[in-house]
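K.L.:
Predicted coordinates and the sequence they were generated for:
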Amino acid sequence: LLLNELATHGDKHTSACGVTARAEVIAHAFLELLDATAGTRDKHTARDLAAHFPTALRVLRQPDTDTGGREAARVLSPTGPHAPILVNTDLARRVHNPILGALQLHHHAAELTPATQLTFRVGSPAPHYPGQEKHADWPLLRLDALGPPRGPLAPERIPQTLWPGTVPCLAESSPHHGVVAALALARLGSTRPFGLIAFDLALPTSMANQVGSTWKLLLRGGTWPTFLADLNTLYDRLADDPPPINYRDRRILGEDTDLIAAALTQAADTIDVPHPDLPSQRRFWELFTGGDIAYGPAQLQLPPASTDYATHVAERARVDEAHMPLFRRAHQIIHENAAIRADGPLTWQPP
C-alpha cells in the first residue's frame, strides 16, 4: 500500500528520516533497500522479499538522519552497490539514491578520508553524491532541497593559489597552504585525483603530495570541520556569482614570459615611467594570473624556502603601491593584443 501511494503521487513532497524529497525518490529508496536485503538472484526471491519489507520500512520510518543512518548501516554496506561512499569505479557505474546516500554519509562521515569528504561535500548542510554526468537527466539523482545539479567548479573559476582570507582557519604563512586550499576547492564534488587537478591549476603534479600534510595539520588542530564549512561557503558563492576573471586563460597567457615582459615595457613607455625590473615582473605575473611566484614559470620562479622569496613576499605591498598604474596598463595591452582575451579586472577578490 505504501509503495502504491508513493508511486501514484510521485511528485508529491514527503519526508523520510527527516529528509524531504519527492515521493518517487522515497519509493526508489524503498526498492533499493529491498534489493539490498532480499536480492533478486534465486527462486526464493518472492518469499525473501516479503520477509524483508519490514526491514526496509523500518529504515525509512526513522524520525531523523541519526537514527535513519544507524538503521541503514545495518542493511547497506558502505562499499556495496546500493549506497557506496567510497570513491572508486562503482560510484559512476549506476545511479545511487540520494536519500540512502545522505543516510550513509551522515552515519559514516567521520570514517571517511579527507579527500573523500571533499568529494561528497561533507562540510555542506546536505552531503551528497558528486555529479554523475552520464546520469544527469535521471530525475532521482538529486534531492530537491539541494537545488539544481552542480558539478565541481570549473578550473577557470579557481586561481592557482586561493585568495587571501577566504579560508581563515588556514594559516597563510606558507605558499603551500593557499595552493592546497585551491586544490581542495577544486576537489569539492569531484572524483578527480589531486594530480590532475594540480595540472589544471598549472601546478607541479607533485603538489598532490602536499595535501596530506595539510590535512593532518588541520585535523590535529581541530579546524578540519571549519575548513570544510568555509570551502563549501566559498563554493556556493562562486557557483552563484562566478569571478569576472578566467583564471585558466590567465595561466595560459602567463606562461609566456616574453609576453609579460613586452607588455610591461610597452606600458612603461606609454605612461612614461622607467622600465620595470625583474621583481616587478614577478609581482605582475602574480596579480595577472592569481598565482604565487613559487609556482610561476621557470624564468620568474623563486623557491618558496629561499631568502629571495621571503624578500619578494615582504615587498609585495610596496611594489603594488609603486607600480599599480603600470600593471593595469600592461594588463590592458595584453587584453587588446594577445591571442586570448584577458577579460575582467587585473585582479579580483571575493566580496
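P.N.:
Great, that's in hand. Numbers count the residues shown, from 1 in each chain.
K.L.:
The top helix by length along the chain packs against which elements?
P.N.:
Counting by DSSP state H, the longest helix found in the chain is helix 307-337. In terms of contacts (3 or more Cβ pairs under 8 Å, 6 or more residues apart in numbering; DSSP states H and E), helix 307-337 is packed against helix 257-271, helix 278-289. C-beta here means a position set from N, CA and C on the backbone, and glycine is covered the same way.
K.L.:
Quick one: work out the angle between it and helix 278-289.
P.N.:
60 degrees (axes from the mean of the first three to the mean of the last three Cα atoms, to 10 degrees).
K.L.:
from the chain's centre, how far out does helix 307-337 sit?
P.N.:
29 Å (Cα atoms, centre = their mean, to the nearest Å).
K.L.:
quick one on the thing from earlier: give me whichever of the helices and strands packed on helix 307-337 is most buried.
P.N.:
helix 278-289 (a mean of 22; mean count of other Cβ atoms under 10 Å).
K.L.:
and the angle for that one with helix 257-271?
P.N.:
Using the same axes, to 10 degrees: helix 278-289 against helix 257-271 is 100 degrees.
K.L.:
Which strands or helices does helix 278-289 pack on?
P.N.:
helix 247-254, helix 257-271, helix 307-337.
K.L.:
and the ones you listed, which is most packed in?
P.N.:
Highest mean neighbour count among the helices and strands packed on helix 278-289 (mean count of other Cβ under 10 Å): helix 247-254, a mean of 21.
K.L.:
who touches it?
P.N.:
Contacts to helix 247-254, defined as Cβ atoms under 8 Å, 6 or more residues apart in numbering, come from residues 154-160, 200-202, 259-260, 285, 288-291, 296-297, 334, 338, 340-342.
K.L.:
in the stretch 151-300 of the chain, which spans are helices?
P.N.:
Using DSSP state H, counting those that start in this stretch, the helices of the stretch 151-300 of the chain run over 175-187, 194-200, 210-221, 224-240, 247-254, 257-271, 278-289.
K.L.:
among those, which is nearest residue 97?
P.N.:
Closest to residue 97 of the helices of the stretch 151-300 of the chain, according to Cβ to Cβ: helix 224-240, at 22.4 Å.
K.L.:
how about the helices and strands packed on helix 307-337 in a markdown table, adding distance to residue 171 and mean pLDDT?
P.N.:
Below are the helices and strands packed on helix 307-337 laid out as a markdown table (distance: least, Cβ to Cβ, whole Å; pLDDT from 0 to 100):
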| stretch | distance to residue 171 | mean pLDDT |
| --- | --- | --- |
| helix 257-271 | 30 | 96 |
| helix 278-289 | 19 | 97 |
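K.L.:
Quick check: closest non-adjacent residue to residue 154.
P.N.:
residue 248 (7.9 Å; Cβ to Cβ, 6 or more residues apart in numbering).
K.L.:
circling back: what's the closest of the helices and strands packed on helix 307-337 to residue 177?
P.N.:
Across those, closest to residue 177 is helix 278-289 (Cβ to Cβ), at 15.8 Å.
K.L.:
Tell me what angle that closest one forms with helix 247-254.
P.N.:
Using the same axes, to 10 degrees: helix 278-289 against helix 247-254 is 150 degrees.
K.L.:
Quick one: residues in contact with helix 278-289.
P.N.:
Taking Cβ under 8 Å, 6+ apart as the rule, helix 278-289 contacts 159-160, 202, 247, 250-251, 253-254, 257, 260-261, 264, 276, 291-293, 296-297, 300, 302, 312, 315-316, 319-320, 323, 326-327, 330-331, 334, 342, 346-347.
K.L.:
now that helix: how far from the chain's centre is it?
P.N.:
27 Å.
K.L.:
swap in stretch 74-92?
P.N.:
21 Å.
K.L.:
tell me which residues of that stretch are tucked away?
P.N.:
75, 76, 82, 83, 84, 85, 87, 91, 92 (16 or more other Cβ atoms under 10 Å).
K.L.:
now those as a markdown table including secondary structure?
P.N.:
Listed next are the buried residues of stretch 74-92 as a markdown table, based on DSSP: H, G, I helix; E, B strand; the rest coil:
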| residue | secondary structure |
| --- | --- |
| 75 | helix |
| 76 | coil |
| 82 | coil |
| 83 | coil |
| 84 | coil |
| 85 | coil |
| 87 | coil |
| 91 | helix |
| 92 | helix |
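K.L.:
Out of those, which comes closest to residue 183?
P.N.:
Nearest to residue 183 among the buried residues of stretch 74-92, with distances taken as Cβ to Cβ, is residue 87, at 15.3 Å.
K.L.:
How about the contacts made by that closest one?
P.N.:
Counting by Cβ under 8 Å, 6+ apart, residue 87 has contacts 115, 116, 119, 191.
K.L.:
can you rerun that using 10 Å?
P.N.:
By Cβ atoms under 10 Å, 6 or more residues apart in numbering, the contact set of residue 87 is 112, 113, 115, 116, 118, 119, 120, 130, 190, 191, 192, 193.
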